[in-house]
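Colleague: predicted model and sequence follow; I will ask about them next.
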Amino acid sequence: MGSGQSTQPNFQRRPQVEVRDHMERLQRISDLKVKPVIKDGGVLELSMTQADMLYRMKETHLFDNFTVLKNDLLPYRTLPARSVLTSTMGKMEVSIKERSDGKIGIDLGLKNLTSIPEEICYNSDMQQCSWIDLSRNKLETLDNLELLIHLQEVYIGRVLEHGKLYGNTFSKIPNQLYQLPFLKILDMSANHLTELPPSIVNLRHIECLSLARNRLTDLPKELEQLRSLKTLYLDGNLLSELPEFLSRCHSIRRLSVRNNKIARISEEIPLMEGLEILNLHGNELTTLPENMGEFMNLVILILSSNKLRGLPSSMEAISTLEVLGLEKNAFKFVPSCVHKIHGLRMLSLSFNEIDEVSDDIGQLKYLDRLWLEGNKIDNFPEALPLAAELDDLRIGQNGFGALPDSIGQLYGMRDLSINNLGLYKLPETFEWLYNLRTLNISDNNLSVFPEEVFKLNCIRELQCAGNGLKSIPEKISSLSNLQMLNLRGNSLRDLPTQFSKLSDLLVLDLSHNQFREFPLPLCDTVSLKYIDISDCHISAIPNEIGKLRNVQSLILSRNTFDSLPPTIYGLVNLSELRFADNGVTALPHEIVRLPKVSIIECTNNPMEDPNLAIIGAGMNSIREYFLRKHFSIRKGTINLQVIDVSASGTAVATLSQMKTPQSLGGAKRRYELHKGVLPTKVV
């Protein structure tokens, strides 16, 4: 990158075909009004509503298949970025990166900074950047930040992977932010803000403002003067109410106030005419204002984890509403107004106290997802087949012990959860659900594997844990598209010989069964990447385990074997090995030939070769241990036992005997030079 110019790196974009592979899924879960659009080069355009629906429905993994996702849709999500230029300033390495949306920025996250180095703000390349990440530091000031006049996005706090939030220690909004003329996105999550000053009005071009996880108890009236503000995050603060002036914030489209202390919603709030998404999860609401029906453009309403017992009848007038989240409240029945919100695509009433679902549920012709698990429902809702668009039904953990034949009429169903219902069998019509992709029948009384399931050859994910199964039929091979299989907590003693024909199987949980001997058909299922066979009384690990060349995670904990076979070096993609609570005394030295191992858990084993202290010290300690072990010095002669400790499989040296002590030093140096090709960690 030269001065005054931004270099556009020539890295390969994701091909358009990869995006199109996911379009069928997107078309079904996005809103009816605007379908997702793919532009040339695999760029996907999503509305803010569509993106939030993906997030709400836990489909965020689909984002990884898109080249571009507008940053104001989900500002918490870190877009992928590639380094364009790396500079060393003092003792610190500074990266200029291009994000997958094409914007160039400065990554200063996790640098242990207390202030921004002057060299950065005066650097001509840095001054052309449009975003800066300052999260995960110890900043006390933003002096000189105003010199980066092209900044449009400033991240002082961020939510990264797994929802983990990183911030700084600011107790007020730094004045330097008011001097950035093009600032559109400001994330000050996870700081120590207790109030917002009236001067916040100076953020006149701000479009997305995140103040989550602070200590705010009130909001200043000046917020209504931010005419460009579209997205406001106030999650995890101490707000007890939403101020009435928000009704005049007509530009706000998304308002999230999760996990506060809000007990009352003003009747002015439904007058927010531009609001499309309102998230009130985790508050203390017992009632809602009677004029809730005055929301003109509301598409997503999340009211989960409150104390609601009913809804105002006016809500039936919200014709735009498509997603309604009511789980974890105190509903004893489905509110009648819900049946009249005809545009609903997703309805969640899980974990309430509902004992009956009326036939009126069939009026929701466009219902795509219905979640009712964890209630007290005694009978399967007979009207559900009338919901022709139903794609995802979760009705487990209820009181009925049988499924009606009418369930077979839900031909379009793709995701079905009927766990923990006390089922002894499945109806014959179950095989009509030929479009099923995921099926959860765990924690029932299905002691014999249901024959009807073998007709569902589109299934990719099958949960069948905790049923007391004693065997798996050879017909399991008919599930040729199966990618994840959970058989945890049954009474299995072996696997069928045809099991290895599950050529697409990636994830397998066999824990808490009664195998005693390692099931050999498992060793021929070479597609597997994750295996959990812990708590199965297994007394020996066979040499055939070396065939599992694609396995990345292997869990063997709490069995009874006392050694690992040397053929373990065949697991060339293994990154995680857990065999805690067994009787293993030694690691096979072949384990150092596994180039990707990063985690080995072997607690509660009588380890001697090497001992637990050496293992706990990490890869370097293990490497040195094996090297020292194979040097032996005798009077007048130095014997060197040659072992293969390289990741590539080539021998380190071919020395057998050397006569002089000087030669020993040379041999050691050659070993030292070879360390660089060994794995980074073995414990």
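Modeller: Sure thing, it's come through. Residues are numbered from 1 along each chain as shown.
Colleague: who's in contact with Leu278?
Modeller: By C-beta atoms under 8 Å, 6 or more residues apart in numbering, the residues touching Leu278 are 255-256, 295, 298, 300-302. (C-beta placed from N, C-alpha, C; glycine too.)
Colleague: equivalent analysis for Glu294, please.
Modeller: Neighbouring residues of Glu294 by C-beta under 8 Å, 6+ apart: 270-271, 314, 317.
Colleague: quick one: it from Leu219, how far?
Modeller: For Glu294, the distance to Leu219 equals 21 Å [C-beta to C-beta, to the nearest Å].
Colleague: about what we covered before: can I get the contacts of Glu294 in JSON lines including pLDDT, distance to Ile96 and neighbour count?
Modeller: Below are the contacts of Glu294 laid out as JSON lines (pLDDT from 0 to 100; distance: C-beta to C-beta, whole Å; neighbours: other C-beta atoms under 10 Å):
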{"residue": "Pro270", "pLDDT": "94", "distance to Ile96": "46", "neighbour count": "25"}
{"residue": "Leu271", "pLDDT": "93", "distance to Ile96": "45", "neighbour count": "17"}
{"residue": "Ser314", "pLDDT": "96", "distance to Ile96": "53", "neighbour count": "17"}
{"residue": "Ala317", "pLDDT": "95", "distance to Ile96": "51", "neighbour count": "16"}
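Colleague: now, among these, which is nearest to Glu146?
Modeller: Leu271 (37.2 Å; C-beta to C-beta).
Colleague: could the contacts of Leu278 go into JSON lines alongside pLDDT and neighbour count?
Modeller: Below are the contacts of Leu278 laid out as JSON lines (pLDDT from 0 to 100; neighbours: other C-beta atoms under 10 Å):
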{"residue": "Leu255", "pLDDT": "95", "neighbour count": "21"}
{"residue": "Ser256", "pLDDT": "94", "neighbour count": "21"}
{"residue": "Phe295", "pLDDT": "95", "neighbour count": "24"}
{"residue": "Leu298", "pLDDT": "95", "neighbour count": "24"}
{"residue": "Ile300", "pLDDT": "94", "neighbour count": "25"}
{"residue": "Leu301", "pLDDT": "96", "neighbour count": "23"}
{"residue": "Ile302", "pLDDT": "95", "neighbour count": "22"}
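Colleague: and the residues you listed, which two are furthest apart?
Modeller: Farthest pair in the contacts of Leu278 (C-beta to C-beta) is Ser256 and Phe295. Separation: 15.6 Å.
Colleague: buried set for stretch 455-465?
Modeller: For stretch 455-465, a neighbour-count test (16 or more other C-beta atoms under 10 Å) marks 455-456, 459-465 as buried.
Colleague: around the residue nearest to Leu239 when sequence neighbours are not counted, count how many other residues there are.
Modeller: What sits nearest to Leu239 in space, not counting adjacent residues and going by C-beta to C-beta, 6 or more residues apart in numbering, is Asn260, at 4.3 Å. The local packing of Asn260 (other C-beta atoms under 10 Å) involves 22 other residues.
Colleague: also Arg99?
Modeller: As a burial measure, Arg99 scores 20 neighbours (other C-beta under 10 Å).
Colleague: ditto for the one 4 residues further on
Modeller: Here the neighbour count serves as a burial measure; for Lys103 (other C-beta under 10 Å) it reads 17.
Colleague: next one: Glu608
Modeller: 10.
Colleague: and Asp405, by the same measure?
Modeller: Neighbour count of Asp405, defined by other C-beta under 10 Å: 11.
Colleague: and stretch 270-286, how far out from the chain middle?
Modeller: Taking C-alpha atoms, centre = their mean, to the nearest Å, one finds stretch 270-286 lying 25 Å from the centre of the chain it belongs to.
Colleague: first-to-last residue distance for that stretch?
Modeller: Stretch 270-286 has an end-to-end distance of 17 Å (C-alpha to C-alpha, to the nearest Å).
Colleague: buried residues in it?
Modeller: Neighbour-count burial for stretch 270-286, counted by 16+ other C-beta under 10 Å, picks out 270-273, 275-283, 285.
Colleague: among those residues, which two are most distant?
Modeller: Spatial extent of those (C-beta to C-beta) is set by the pair Glu273 and Gly282 at 26.0 Å.
Colleague: let me see the contact set for the residue nearest to Cys602 when sequence neighbours are not counted.
Modeller: Here the nearest residue to Cys602 in space, its sequence neighbours aside, is Phe579; by C-beta to C-beta, 6+ apart that works out to 5.7 Å. Applying C-beta under 8 Å, 6+ apart to Phe579 gives the contacts 556-557, 559, 561, 564, 601-602, 605.
Colleague: out of those, who has the most neighbours?
Modeller: Tallying neighbours with other C-beta under 10 Å puts Leu556 at the head of the contacts of Phe579, with 26 neighbours.
Colleague: gap between the closest residue in space to that residue that isn't next to it in sequence and Leu510?
Modeller: Spatial nearest neighbour of Leu556, excluding adjacent residues (C-beta to C-beta, 6+ apart): Phe579 at 4.3 Å. Relative to Leu510, Phe579 is positioned 15 Å away (C-beta to C-beta).
Colleague: for Arg623, same thing?
Modeller: Distance from Arg623 to Leu510, by C-beta to C-beta: 33 Å.
Colleague: tell me the secondary structure of the nearest residue to Thr525 once chain neighbours are set aside, please.
Modeller: Nearest residue to Thr525, sequence neighbours excluded (C-beta to C-beta, 6+ apart): Ser500, at 4.8 Å. Secondary structure state of Ser500, per DSSP: H, G, I helix; E, B strand; the rest coil, is helix.
Colleague: so where do the strands sit in the stretch 101-250 of the chain?
Modeller: Ranges of strands in the stretch 101-250 of the chain, per DSSP state E, counting those that start in this stretch, are 104-107, 131-133, 153-155, 158-159, 165-166, 185-187, 208-210, 231-233.
Colleague: between these, which one is nearest to Leu485?
Modeller: Nearest to Leu485, of all the strands of the stretch 101-250 of the chain, is strand 158-159, at 32.4 Å by C-beta to C-beta.
Colleague: show the average pLDDT along that closest one.
Modeller: For strand 158-159, the mean pLDDT works out to 64.
Colleague: in this structure, what spans have low per-residue confidence?
Modeller: In the predicted model, the chain carries pLDDT under 70 at residues 1-85, 87, 90, 158-166, 385-388, 619, 630-683.
Colleague: in it, which spans are helices?
Modeller: Residue ranges of the helices in the chain, as given by DSSP state H, are 16-20, 23-29, 48-56, 118-122, 520-523, 612-616, 619-629, 661-674.
Colleague: could you export the shortest one as PDB, CA atoms only?
Modeller: Extracted C-alpha coordinates of helix 520-523, given in PDB (Å, rounded to 0.1, in the frame of the first residue of the first chain):
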ATOM      1  CA  LEU A 520     -14.300 -52.700  14.300                       C
ATOM      2  CA  PRO A 521     -16.900 -51.500  11.700                       C
ATOM      3  CA  LEU A 522     -16.200 -48.000  13.100                       C
ATOM      4  CA  CYS A 523     -12.600 -48.200  11.900                       C
END
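Colleague: which strands and helices sit next to that helix?
Modeller: Contacting helix 520-523 under the criterion 3 or more C-beta pairs under 8 Å, 6 or more residues apart in numbering; DSSP states H and E is no other helix or strand.
Colleague: next, the buried residues of it.
Modeller: Buried-residue list, helix 520-523, by 16+ other C-beta under 10 Å: 520-523.
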